[in-house]
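1. Model the following, please.
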Amino acid sequence: MKRFFGALRSKALMYGKNGFWFILDGVLINSAIILTTGAFLAGFFVYLNAPDFIVGIVNTAHVWTTLFALASCFVFNRVKKTKRFLIILNVLARTMICSIAALPHIIGHGGLTIYVAAFLVIGGNIVWSIYAVGGNIWLMATIPRTERSAFIYLRFLWLRVSFALTAIVMGFVLDAFNGSLAGFGVVFSVSFVLSFADILTLLKIPYTSGKERGVNTMTPSLLTAPFRNSQFRNFLAFLLLFNLFLYASASFTSLYLIKYMGFSYKYISTATVLSHIMLIVSTVFWGNFERKKGAIMTIKVTAAIVCLEQFAYAFQFRGNIITPFIAAFCMGLGNGGLNIIFFNFRYSIMPEDNVTNYETWFMVVQGLGIALGPVVGNYIKMAFAFALSGVSVITEFQALYLVASVAAFTIVMLFVGKKLTRKA
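-> Predicted coordinates:
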């Protein structure tokens, strides 16, 4: 651990003390978040016997609730002590989400616990969506524009190493508790401790943003500016449709593997190791790929690879232990570049004096697509359940993964190219 933080510090200090603190912030908060999302969160709701649809909605709440980031346009323009406000939002969001493990002890194991837990998770992520806009702007305003791309790749590399180790270790811990309430209590408590450590880190970073230049983000012309920029508008359209079809199936993956395929947390954590390894080792590769081939080609290739993850699950059946590893490989390889290039690309095409509105609309549109994903996916799944009744060759889940992955891939081919290079 000492060597880990020593190496992190030496690399990060190339970008100054604030660069180091922001990388440490990424390490801590992403390690905390990984323990309250994915298989850990879905497993908790499965433990509570929550309906499939609620599991799908809650398990993707950390991404679809970004549509509530629209409030940021109005909130940050009125707040005077922005840093203090961001810290309060951070504490509130993480406390709400981490506290759900205590609910069965307080109100029992009935249906009320399921809905209160869902309310806390969704509410906490709504608060987080507002924080995330200010947090991203704080980060990007602190790092000089000429150094941002390299810094973001370095930050993503270190946070991926950290949350990979966290997820692996805590997956084995949860299995050691046999997926019991005590195990979830340990997992969510560790997440809360990491969140608290992140707050201590953020307190060391001076706040800066475009607000110091006197920009009024509530001006109607600035609010709607992202939609008058044809390049950014096309990017938003792609983002909406791509996420809608991708999450039509992806939102059910943790539920599918735990409840219907019967995989243990230890097995899922082991498969997750591969995805995290690919996330880590592909970070440098995609950084070099972007410099040689450009942002548009990087988006196209990485998004197509991400679609292969969902396509692989179309061949998943009970007893098949290979497919999750194939899917994990594709997910890690694709997202190793896609998450970073989305970050770099949008900041490269948004004006410096209106980043709040551009970042807000990015998060709103992304959240809308992801929010609609499980709704659309549930209808597709129900339609196939009816159409395939009595047919044992393929299940409604396999059909859903097939349709969703092909649709998402089609969106990539249609949008990523001339439409994303078209200037305003």
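
2. Phi, psi for Y207 please.
-> phi -90, psi 140 (degrees, to the nearest 10).

3. surely it meets K80?
-> No. Judged on C-beta atoms under 8 Å, Y207 makes no contact with K80 at a distance of 11.6 Å. C-beta: built from backbone N, CA, C; applies to glycine.

4. These two - which one has more neighbours?
-> Remark: of Y207 and K80, Y207 carries more neighbours, 19 against 7, as counted by other C-beta atoms under 10 Å.

5. For the more buried one, give its distance to G56.
-> Counting by C-beta to C-beta, to the nearest Å, the gap from Y207 to G56 is 37 Å.

6. Ok, I23 next?
-> As for I23, its distance to G56 is 33 Å (criterion: C-beta to C-beta).

7. Which of these two has more residues huddled nearby?
-> G56 (29 against 25).

8. wait, doesn't the more buried one sit right on L255?
-> Yes. Distance between G56 and L255: 6.3 Å, which falls inside the contact criterion (C-beta under 8 Å).

9. T302 reaches C330, doesn't it?
-> No. The criterion here is C-beta under 8 Å, and T302 misses it with C330 at 10.5 Å.

10. Settle it for me: which of these two has more neighbours?
-> It is T302, of T302 and C330, that has more neighbours when counted by other C-beta under 10 Å, with 25 against 21.

11. tell me the SS of that one?
-> Following DSSP: H, G, I helix; E, B strand; the rest coil, T302 is assigned to helix.

12. Only the buried residues of stretch 140-147, if you could.
-> For stretch 140-147, the neighbour count (16 or more other C-beta atoms under 10 Å) marks M140, A141, T142, I143 as buried.

13. Next, the contact list for the spatially most central residue of the chain, please.
-> Most central in the chain under C-alpha atoms, centre = their mean is V63, positioned 5.5 Å from the mean C-alpha point. Taking C-beta atoms under 8 Å, 6 or more residues apart in numbering, we find V63 in contact with N243, Y247, Q366, G367, I370.

14. low-scoring stretches of the stretch 151-300 of the chain, by residue?
-> 209-221 (pLDDT under 70).

15. Then the stretch 301-424 of the chain?
-> 389-393, 422-424.

16. Okay, A237 and L257: tell me how far apart.
-> A237 is 32 Å from L257, where distance means C-beta to C-beta.

17. Settle it for me: which of the two has more neighbours?
-> L257 (24 against 16).

18. for the residue nearest to the more buried one when sequence neighbours are not counted, helix, strand, or coil?
-> Closest residue in space to L257, ignoring its immediate chain neighbours: F263 at 4.8 Å, by C-beta to C-beta, 6 or more residues apart in numbering. Three-state call for F263 (three-state DSSP): coil.

19. Tell me how many other residues surround F263.
-> When neighbours are counted by other C-beta under 10 Å, F263 registers 20.

20. With G185 instead?
-> 16.

21. secondary structure element for it?
-> helix 181-202 (DSSP states H and E).

22. for that helix, packing partners?
-> Applying 3 or more C-beta pairs under 8 Å, 6 or more residues apart in numbering; DSSP states H and E, we find helix 181-202 packed against helix 16-34, helix 38-47, helix 82-98, helix 148-176.

23. residues near the residue nearest to S282 when sequence neighbours are not counted, how many?
-> Nearest non-adjacent residue to S282, counting by C-beta to C-beta, 6+ apart: G336, 3.2 Å away. Each residue near G336 was counted by other C-beta under 10 Å, and the total is 29.

24. by how many degrees do the helix or strand harbouring G336 and helix 148-176 diverge?
-> Using DSSP H and E, G336 sits in helix 323-349. Counting by axes from the mean of the first three to the mean of the last three C-alpha atoms, to 10 degrees, helix 323-349 points 150 degrees away from the direction of helix 148-176.

25. ok, then the element right after helix 323-349?
-> Per DSSP H and E, the helix or strand that comes after helix 323-349 is helix 355-387.

26. buried ones in the one helix or strand F242 maps to?
-> Following DSSP H and E, one finds F242 within helix 230-250. By neighbour count with 16+ other C-beta under 10 Å, helix 230-250 contains the buried residues 231-250.

27. for stretch 402-419, same thing?
-> In stretch 402-419, the ones that count as buried by 16+ other C-beta under 10 Å are L402, V403, A404, S405, A407, A408, F409, I411, V412, F415, V416, K419.

28. about what we covered before: show me how far the helix holding G185 is from its chain's centre.
-> Relative to the mean C-alpha coordinate of its chain, helix 181-202 is positioned 18 Å out (C-alpha atoms, centre = their mean, to the nearest Å).

29. Likewise for stretch 28-36?
-> The answer for stretch 28-36 is 11 Å, by C-alpha atoms, centre = their mean.

30. tell me the mean pLDDT over it?
-> Averaged over stretch 28-36, pLDDT sits at 93.

31. Not counting its own residues, what contacts it?
-> Residues outside stretch 28-36 that contact it (C-beta under 8 Å, 6+ apart): 40, 62, 94, 97-98, 121, 159-160, 162-163, 165-167, 170, 187-188, 190-192, 194-195, 197-198, 201.

32. cool, stretch 190-205 as well?
-> Applying C-beta under 8 Å, 6+ apart, the contact partners of stretch 190-205 are 18, 21-22, 24-25, 28-29, 31-33, 35-36, 86-87, 90-91, 94-95, 97-98, 138, 142, 166, 170.

33. do the same with stretch 289-309
-> Here stretch 289-309 makes contact (C-beta under 8 Å, 6+ apart) with 149, 242, 246, 250, 286, 327-328, 330-331, 333-338, 341-342, 344-345, 348, 405, 408-409, 412-413, 416-417, 420-421.

34. and what of stretch 99-106?
-> Here stretch 99-106 makes contact (C-beta under 8 Å, 6+ apart) with 44, 48, 113, 116-117, 120-121, 181, 184-185, 187-189.

35. Can you give me the buried ones in it?
-> Buried residues in stretch 99-106, counted by 16+ other C-beta under 10 Å: S99, I100, A101, L103, P104.
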